[in-house]
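In: 3D, please:
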Amino acid sequence: MSRGFVKEDDLEHAGTDLPERPISPHPNYVTPHGLKQLQQQASELEQERLPLAQRKEDPVAQQRLAMIDRDLRYLQARLESAILVDPAAQPADTVLFGATVDVEDEDGEPHSFMIVGEDETDIATNRVSWVSPLAKALIGQKVGDSVVWHRPAGDLELEIIAIRY
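Out: This is a model prediction of the structure:
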């Protein structure tokens with residue numbers, strides 16, 4: 001396309017119309033750690049936003065500003081809908097939100113998972129969302145119970161060894 005058919009204004013605003021981050025339809029349960037995490041992310045974005053807002057003529061800064069504003073809207077919505085759950089107040093004998101669950105798989109291999117809010121999920125640290133198939137299999141169970149974890153790689157039977165809050 002020739003530049004004759006492109007409005008200058010279109011070039012200046014390229015990349016600033018970003019789709020909104022989707023908000024989960026599930027209740028937004030958070031642990032105290034998860035709430036602090038959301039607040040910290042919002043604070044860091046606010047700090048990054050301040051100098052960018054001054055650079056109105058810089059299209060790269062404006063694109064980054066649009067991304068920050070979108071992420072701040074998401075975080076604000078998540079903070080407003082947060083339902084704080086104190087893991088220490090949960091019954092210690094049942095797997096519920098906030099529990100760290102030690103399990104043993106069919107091969108006798110030990111695993112440990114913490115059931116957290118959707119924004120806290122981090123598979124690298126074994127933090128799984130309360131709406132994940134694994135958490136759904138574990139929630140409501142007790143030590144000694146066996147559950148089936150329905151995975152894309154195939155079902156896996158897990159025995160609950162310990163529950164910690």
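
In: Give me the buried positions along the strand ranked longest in the chain.
Out: Identified as the longest strand of the chain according to DSSP state E is strand 156-164. Within strand 156-164, the residues scored as buried using 16 or more other CB atoms under 10 Å are 156, 158-160, 163. C-beta coordinates here come from the backbone N, C-alpha and C atoms, glycine included.

In: and if you look at stretch 82-93?
Out: So for stretch 82-93, counting by 16+ other CB under 10 Å, buried means 82, 85, 87, 90.

In: which residues are contacting that stretch?
Out: For stretch 82-93, contacts defined as CB atoms under 8 Å, 6 or more residues apart in numbering pick out 27-32, 35, 38, 96-99, 142-143, 163, 165.

In: and of the residues you listed, the nearest to residue 113?
Out: residue 99 (8.7 Å; CB to CB).

In: Could you tell me how many residues sit around that closest one?
Out: Look at residue 99: counted by other CB atoms under 10 Å, it has 25 neighbours.

In: so what pLDDT did it get?
Out: As predicted, residue 99 sits at a pLDDT of 97.

In: residues in contact with it?
Out: Counting by CB under 8 Å, 6+ apart, residue 99 has contacts 87, 90, 114-115, 138, 163-165.

In: burial count for residue 119?
Out: For residue 119, using other CB under 10 Å, the count is 20.
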